[in-house]
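Asker: Sequence and computational prediction follow.
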Amino acid sequence: MDENRWLTDLKERADQTIFRDVQFTATMEKRVRQKVRPGTRWVTGSRKLALPGVVLTMGLLLWYGLFIQEERQSAQHEVRPSQQQETQVPSLLPGGQIVEADLWKLSPSLSSTYDNQSFSYLGEKPVRIMTDQDGFYEGQTQRVIWLLNGDYAQEVEITAYNTDGARLSLGSYEVMDPLYDADGHFPSGIVLPEPGKWKLEVRSGGKHLGQVFVEVKKGIAPANRQLVGPIIQQYLEKESDKLGWLGKQREMNVELLGVEAPDAAKRTVYAWVKISGSNSSALSAPMVFQIVYNGNTYRVTDFQMPEDGSNYQRSLQKLFPPKVLEQVHSRSKTK
């Protein structure tokens, strides 16, 4: 039997065994010829050695087939990390800006109708809030009505977190009767000290119930501006203990710089006040006003100005917080 005939027969036998999935390539055939040729006499010269020869050749085929398979698997393992790495690379906006997932996406503002009554809220069930449409402003009380759905305890806790990692406990509240389409509700007043995104989280029985994401704005809330502006104006028109030297006829301009409202009954107002009095008298200075609700209305209970002379800077820093002090210094340059 010549060599070509013998190899053809070997291929047919291999296809009937576990080697049927091994592809017999030209390279493999060349290597088998190289391995078998020195011992060809065993195949042609003796039938006793034919079977071991076939076994030897098939063993070579198996060894080489496994070698090829391992190379392919190794190549696949080498490719997969690069493919996985490509899928992990964030997409880019024009200009090369990386698109990041917004984990602090603001809660949507939605409206609904219940028993022919319309109401608006922020968030999604099981936790939503109803509040002033102007939203939250730094350091100022915001009245909120919470709407809860689902399985919750009679008393819940509220905690606020911002994107800088600050944590603020907002107290515990007893859940009241259903309101609109909510299973329960309760009112609260919230003060968030810094501008930016905040998460308002509700926990029931120590377990997370839900959250609402809100934006806290810089500056003075429109409601506070409308409230304190006229009160200060009326007070300065009549104040006589500290401003009597300006006379009774006064023209003034009140520029609000900041408001602190730790609760609904108190306001600390920072303003730059410019007053023109009779006899060419005038005043231009930063002032701090204390406004309190007396049960019927809000009124100014006290006001302060920085001291004159060498004590001016020290008293200025004592009266005004840093964020307002920056505005005072800026305003002083243009007065």
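Answerer: Structure received.

Asker: CA atoms for contacts and neighbours, from now on please.
Answerer: Noted.

Asker: Pull the number of nearby residues for Val288.
Answerer: Val288: 21 surrounding residues under other CA atoms under 10 Å.

Asker: ignore the last one, Ala261
Answerer: By the other CA under 10 Å criterion, the neighbourhood of Ala261 contains 19 residues.

Asker: which ones are touching it?
Answerer: Applying CA atoms under 8 Å, 6 or more residues apart in numbering, we find Ala261 in contact with Gly139, Gln140, Thr141, Val191, Arg267, Thr268.

Asker: what's the answer for Tyr312, then?
Answerer: Counting by CA under 8 Å, 6+ apart, Tyr312 has contacts Pro306.

Asker: Tell me if it really is in a helix.
Answerer: Yes: secondary structure assignment (DSSP: H, G, I helix; E, B strand; the rest coil) places Tyr312 inside a helix.

Asker: end-to-end on stretch 273-288?
Answerer: 10 Å (CA to CA, to the nearest Å).

Asker: Let me see the residues that make contact with that stretch.
Answerer: Contacts to stretch 273-288, defined as CA under 8 Å, 6+ apart, come from residues 245-255, 268-272, 303-306, 319-320, 328, 335.

Asker: So which of those residues belong to strands?
Answerer: Applying DSSP state E to the contacts of stretch 273-288, the entries found in strands are Glu251, Met252, Asn253, Val254, Glu255, Thr268, Val269, Tyr270, Ala271, Trp272, Phe303, Gln304.

Asker: what helix or strand is Gln233 on?
Answerer: With the criterion set as DSSP states H and E, the secondary-structure element containing Gln233 is helix 222-238.

Asker: Kindly report the same for Leu325.
Answerer: Secondary structure (DSSP H and E) places Leu325 in helix 322-332.

Asker: Would you mind pulling up the elements that that helix packs against?
Answerer: strand 251-263 (3 or more CA pairs under 8 Å, 6 or more residues apart in numbering; DSSP states H and E).

Asker: let's go with 10 Å and repeat that
Answerer: strand 251-263, strand 266-276, strand 282-293, helix 312-319 (3 or more CA pairs under 10 Å, 6 or more residues apart in numbering; DSSP states H and E).

Asker: and those, which is most packed in?
Answerer: Stretch with highest mean neighbour count among the helices and strands packed on helix 322-332: strand 266-276 (a mean of 20; mean count of other CA atoms under 10 Å).

Asker: Run me through the strand neighbours of it, direction for each.
Answerer: Neighbouring strands of strand 266-276 in its sheet, by DSSP bridges, are strand 251-263 (antiparallel), strand 282-293 (antiparallel).

Asker: What mean pLDDT does the longest one get?
Answerer: For strand 251-263, mean pLDDT is 93.

Asker: repeat for stretch 323-335
Answerer: Taken as a whole, stretch 323-335 has an average pLDDT of 81.

Asker: List the buried residues in that stretch.
Answerer: Residues of stretch 323-335 classed as buried under the neighbour-count rule (16 or more other CA atoms under 10 Å) are Val324, Leu325, Gln327, Val328.

Asker: Nearest spatial neighbour of Val144, chain-adjacent residues omitted?
Answerer: Spatial nearest neighbour of Val144, chain neighbours left out: Thr131 (4.9 Å); criterion: CA to CA, 6 or more residues apart in numbering.

Asker: out of the helices and strands packed on helix 322-332, nearest to Gln154?
Answerer: Taking CA to CA as the criterion, strand 251-263 is the member of those that comes nearest to Gln154, at 24.8 Å.

Asker: So what angle separates the directions of the closest one and helix 222-238?
Answerer: Going by axes from the mean of the first three to the mean of the last three CA atoms, to 10 degrees, strand 251-263 is angled at 130 degrees with respect to helix 222-238.

Asker: so strand 251-263 versus helix 322-332, what angle?
Answerer: Relative orientation of strand 251-263 with respect to helix 322-332: 170 degrees, computed using the same axes, to 10 degrees.

Asker: export strand 251-263 as CSV, just CAs?
Answerer: Once non-C-alpha atoms are left out, strand 251-263 reads as follows in CSV (Å, rounded to 0.1, in the frame of the first residue of the first chain):
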residue,chain,number,x,y,z
GLU,A,251,-36.1,107.8,50.6
MET,A,252,-34.6,104.4,50.6
ASN,A,253,-33.5,101.4,48.6
VAL,A,254,-33.3,97.9,50.2
GLU,A,255,-31.2,95.3,48.4
LEU,A,256,-31.7,91.9,49.9
LEU,A,257,-28.5,89.8,50.1
GLY,A,258,-29.6,86.7,51.9
VAL,A,259,-32.3,85.2,54.1
GLU,A,260,-32.0,82.5,56.8
ALA,A,261,-35.3,80.9,57.7
PRO,A,262,-34.7,78.1,60.2
ASP,A,263,-38.5,77.8,60.8
